[in-house]
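**Student:** This is a predicted model, with the sequence first.
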Amino acid sequence: MIAVPQSLPLVQWHSSRQVPLSEGWLSESIAHSAQRAGYSSWEWSREVAKAITFYLQQDYQGTLISQQDLRAIIRKSLDGIGCGDIARNVSLVAPRVSIDLAEIARHSGLELIFFQMLSSRLLEARHVVVQGVRLDGIRPCVKILDGSRKWDRGCQKLNDEIVTFARRHVESWNHAEVDLAVF
């Protein structure tokens, strides 16, 4: 497997976890900060996130950034464009994580092991304290586990079992509502 270098630093998150930073996460955090400052919808969140992303890709020297330093960069950017009211309300929303189901299926080989590995990844997401979980590659995952070339009833049944398993797992978490998306 070839690892593509991460152009943005990782964020030191709760419990000493490191999560990947994305422009979307920055934009969502800026929009949330604008709401805290009294703006029901602030149209410049994406543009400010793009500018911060560009800065982090081009000029930031580290591969890891603390939440405090990231909030300071966002504040400085917002102050620089005259949005001090939003800058005073900067907060980071919890990240969303992606889990590659096809990758888990390739490494597990058997359904039982697959569900154990998926459970482990979901528990890790729970401990990171995420806002959402995205499960990617369900069709290739099912085909790998089922050994099918074509989608059939058995594939659909396994697909539904995986979705139900993940949904029940996420619903059992005791903290705030967590989005679950399956692709």
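**Tutor:** It's in.
**Student:** Would you map the helices across the protein?
**Tutor:** Assigned by DSSP state H, the chain shows helices spanning 23-36, 45-58, 67-80, 84-87, 101-108, 111-128, 138-146, 153-171.
**Student:** which residues are contacting the shortest one?
**Tutor:** In this structure, residues lying in contact with helix 84-87 by C-beta atoms under 8 Å, 6 or more residues apart in numbering are Ile30, Ser33, Ala34, Ala37, Gly38, Tyr39, Trp42, Ile74, Arg75, Lys76, Leu78, Asp79. All C-beta spots, glycine's among them, are computed from the backbone N, C-alpha and C.
**Student:** Which positions within it qualify as buried?
**Tutor:** Of the residues in helix 84-87, those buried by neighbour count under the rule 16 or more other C-beta atoms under 10 Å are Ile86, Ala87.
**Student:** mind checking how far it is from the chain centre?
**Tutor:** With C-alpha atoms, centre = their mean, to the nearest Å as the basis, helix 84-87 stands 26 Å off its chain's centre.
**Student:** Which pLDDT value belongs to Gly132?
**Tutor:** The model reports Gly132 with a pLDDT of 86.
**Student:** OK, contacts around it?
**Tutor:** Gly132 neighbours (C-beta under 8 Å, 6+ apart): Arg96, Val97, Val178, Asp179, Leu180, Ala181.
**Student:** With Asn159 instead?
**Tutor:** Ile138, Arg139, Val142.
**Student:** Give me the phi and psi for Val130.
**Tutor:** phi -100, psi 160 (degrees, to the nearest 10).
**Student:** Now for the closest residue to Ile74 other than its chain neighbours, how many residues are close by?
**Tutor:** Distances taken as C-beta to C-beta, 6 or more residues apart in numbering put Val90 closest to Ile74, at 5.0 Å, once the chain neighbours are dropped. For Val90, the neighbour count with other C-beta atoms under 10 Å is 23.
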